[in-house]
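Participant: after the sequence you'll find the predicted model.
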Amino acid sequence: MAGIEREATCVWEGDLAHGAGRLSAASSVAFTGLALSLPTRIGRPGDQTSPEELLAAAHAGCFAMALASILTNADVPPGRLDVACRIRVDEDPERGFRVAASSIAVRAEVDGLARDALTAAVAAADAACPYSALLRDAGAAVDVGLAD
């Protein structure tokens with residue numbers, strides 16, 4: 001398979017504290033003009049997004065697709081996967097702000113699959129997901145497990 005490339009754009013106006021930006025998908029029309037600003041990034045998000053929220057969405061989506069692939073290839077395709085991801089950014093005194101952790105919680109409806117087999121499939125999906133690898137390579141802790 002050839003490499004996958006997608007593009008998004010951000011238009012930012014003003015200084016960091018008082019300015020605002022708009023994110024758009026340049027490769028598709030999936031989203032246009034998603035608002036973001038520093039106050040909503042570090043405070044209550046309201047109806048604006050943030051880079052951290054978009055990374056959480058990307059990691060959750062990638063992980064869900066990896067798990068669906070693994071289960072399908074094992075002849076136990078999922079009926080439904082609910083994947084929640086939480087990204088945490090911390091300040092490192094020496095390096096500045098860094099993605100410190102990504103936590104994935106999976107709820108899965110898979111007929112005829114024992115919990116230990118599902119746990120193994122989740123671990124395999126974590127190993128296969130490029131975003132899990134990217135975050136680990138960047139030094140972030142990646143915690144993946146089944147939700148209760």
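Facilitator: All right, it came through fine.
Participant: report the longest helix in this protein, please.
Facilitator: What stands out as the longest helix in the chain, according to DSSP state H, is helix 51-73.
Participant: what's that helix packed up against?
Facilitator: strand 80-92, strand 96-109, helix 115-128, helix 130-137 (3 or more CB pairs under 8 Å, 6 or more residues apart in numbering; DSSP states H and E). All C-beta atoms are positioned from the backbone trio N, CA, C, and that covers glycine.
Participant: just the buried residues of it, please?
Facilitator: Along helix 51-73, these residues count as buried under the neighbour rule (16 or more other CB atoms under 10 Å): 52-56, 59-60, 62-64, 66-68, 70-71.
Participant: can you list the domain ranges for the protein.
Facilitator: 8-42, 51-146 (automatic domain parsing).
Participant: contacts for stretch 9-29?
Facilitator: With contact meaning CB atoms under 8 Å, 6 or more residues apart in numbering, stretch 9-29 is reached by 5-8, 31-39, 49, 54.
Participant: from these, which land in helices?
Facilitator: 38-39, 54.
Participant: no further questions, thank you.
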